[in-house]
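Make a model of this:
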Amino acid sequence: MALTQSTPAAAQRASVEARAGVRLWLIAVAGLIFLMVLVGGATRLTESGLSITQWKPVTGVLPPLSGVEWQAEFDRYKQIPQFAKLNPDMTLDGFRTTFYWEWSHRLLARVVGAAFILPGLWFWRSGLFKGALGRQVAVATGLLALEPIVGWWMVTSGLSERTEVAQERLALHLMIAAATFGVLIYAAAGLSERPRSGTAPRGFAISALLFATLVYCQLGLGALVAGLRAGLIYNTWPLMGSTWVPGEAFEPSWRQAMLNGPATAQFDHRTLAYVVVAFGLLQAIAALRAAPGSPLASRCLVLAAAGMLQAALGVATLISFVPVPLALAHQALALALFGLAVVHLRATEMEQSA
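Below you'll find the model as predicted:
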């Protein structure tokens, strides 16, 4: 009789442990993606992204191991416009530095793939990917498969005519990485053992979704700013030069300027930053009024504070002419804010009143 009674309890403990294992795996892969995005940002800021001109998914794991191999890589780099127009005086030692940034970024991408696929296959064979979790993992799998393809498509845009990668491809590359990060965080938050307390009043799940969407769009606009080097113009705040809207914004047409105009990219990025901060503050005020002292209110306060800090860091980065450490901190906090927004979204859905 005792054995019979203990069997369901043992099965429940095993289920809880399995869920905890999956949750830890999802968070770990999301953390690796976070690191990969930061290394990618450093690669872009140091103009290192075109130092490797070939895509070698297998043999590219190892960097050049001899002087002959290093010289061969350098000679291939000399054949692209970036060398001739921007770095004609680059030495082999200087090339090694840029090469290692891009190589580290690609190596991290391979580590992310291995960390996702190998444990993921084991969890799948164990029957742990069912229902919503299975669908979420499937979406993450598709995004991860697409990311290196888009990454190489991005690199090819700078190998023949341009001295840098196309900004719209850079933005797409970042947004796929951020989407993968968000899906993993969302899935991990959904495995929380916290009860659905029903403390979140109606409407807050929609508010949380809107906030996460705004932050995600802001990530894309930030990538356009980086790709167009738009942070190196109008290094004043709150005005852009002497006006709120620079005269060259949205010229020659708004459609062309949205993706190709540095002034427009910076204006859009600034404007959406104000929207994110205002929305975060309004969401926090509404949560404090509707559910004071609740987890919902606490999360909204954290998001509002993080949003204001992110905006302040963006201003500091701009007016100091985009130093690499500040720019990387700005990017890191942006992705962290998106992760917090996704956690807030999932938690609010689980707490939503019936």
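
how many other residues sit next to the nearest residue to Arg229 once chain neighbours are set aside?
Of all residues beyond its chain neighbours, the one nearest Arg229 is Pro262 (6.7 Å), with distances taken as CB to CB, 6 or more residues apart in numbering. Bear in mind the C-beta positions are built from the backbone N, C-alpha and C, glycine included. By the criterion of other CB atoms under 10 Å, Pro262 has 22 neighbours.

again with Pro201
Neighbour number of Pro201 under other CB under 10 Å is 18.

any idea of the mean pLDDT for the longest helix seen in the chain?
For the chain, the helix that runs over the most residues, judged by DSSP state H, is helix 2-45. Averaged across helix 2-45, the pLDDT comes to 83.

Show me what that helix packs onto, helices and strands only.
With contacts defined as 3 or more CB pairs under 8 Å, 6 or more residues apart in numbering; DSSP states H and E, helix 2-45 has these neighbours: helix 92-125, helix 167-190, helix 204-227, helix 324-351.

could I get those helices as a markdown table with mean pLDDT?
A markdown table is the format used below for these (pLDDT from 0 to 100):
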| stretch | mean pLDDT |
| --- | --- |
| helix 92-125 | 95 |
| helix 167-190 | 97 |
| helix 204-227 | 96 |
| helix 324-351 | 96 |
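
tell me which residues of the helix or strand hosting Val276 are tucked away?
Using DSSP states H and E, Val276 maps to helix 262-290. Residues of helix 262-290 classed as buried: 262-270, 272-273, 276-277, 279-281, 283-284, 286-288, 290 (neighbour count, 16 or more other CB atoms under 10 Å).

swap in stretch 167-182?
Buried residues in stretch 167-182, counting neighbours by 16+ other CB under 10 Å, are found at 167-182.

residue contacts, the spatially most central residue of the chain?
The centre of the chain sits closest to Ala178, judged by CA atoms, centre = their mean, with a distance of 3.3 Å. The contact partners of Ala178, taken as CB atoms under 8 Å, 6 or more residues apart in numbering, are Val37, Tyr216, Leu219, Leu335, Phe338.

What of Thr264?
Thr264 neighbours (CB under 8 Å, 6+ apart): Ala249, Phe250, Trp254, Ala257, Met258.

are any of those residues buried, and which?
Ala249, Phe250, Ala257.

average pLDDT for the helix or strand where the last one lies?
The reference is to Ala257. Taking DSSP H and E as the definition, Ala257 sits inside helix 254-260. Mean pLDDT, computed over helix 254-260, is 85.

Closest one to Arg110 out of the contacts of Thr264, please.
Met258 (33.9 Å; CB to CB).

Okay, the closest one and Leu224: tell me how far apart.
As judged by CB to CB, to the nearest Å, Met258 and Leu224 stand 8 Å apart.

ok, now Leu128?
According to CB to CB, Leu128 and Leu224 sit 39 Å apart.

When those two are compared, which one has more neighbours?
Leu224 (24 against 18).

how about the more buried one, what does it touch?
So Leu224 contacts Gln167, Glu168, Leu170, Ala171, Ala230, Leu259, Ala265, Asp268, His269 (CB under 8 Å, 6+ apart).

Hmm, Ala336 is touching Ala306, no?
Yes. With contact defined as CB atoms under 8 Å, Ala336 and Ala306 form a contacting pair (7.3 Å).

These two: which has the busier surroundings?
Ala306 (18 against 13).

tell me which element that one falls in.
Per DSSP H and E: helix 295-319 holds Ala306.

circling back: of all the contacts of Thr264, which comes closest to Gly314?
Of the contacts of Thr264, the one sitting nearest to Gly314 (CB to CB) turns out to be Ala249, at 18.1 Å.

Am I right that the closest one sits in a helix?
No. Membership of Ala249 in a helix is not supported by DSSP: H, G, I helix; E, B strand; the rest coil, which gives coil.

Look up how far Leu318 lies from it.
16 Å.

go on, Met154?
25 Å.

Can you give me the buried ones in stretch 211-227?
So for stretch 211-227, counting by 16+ other CB under 10 Å, buried means 211-212, 214-216, 218-227.

correction: stretch 243-255
Pro246, Glu248, Ala249, Phe250.

For those residues, give me JSON lines that also has pLDDT.
Formatted as JSON lines, the buried residues of stretch 243-255 follow (pLDDT from 0 to 100):
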{"residue": "Pro246", "pLDDT": "91"}
{"residue": "Glu248", "pLDDT": "89"}
{"residue": "Ala249", "pLDDT": "88"}
{"residue": "Phe250", "pLDDT": "87"}
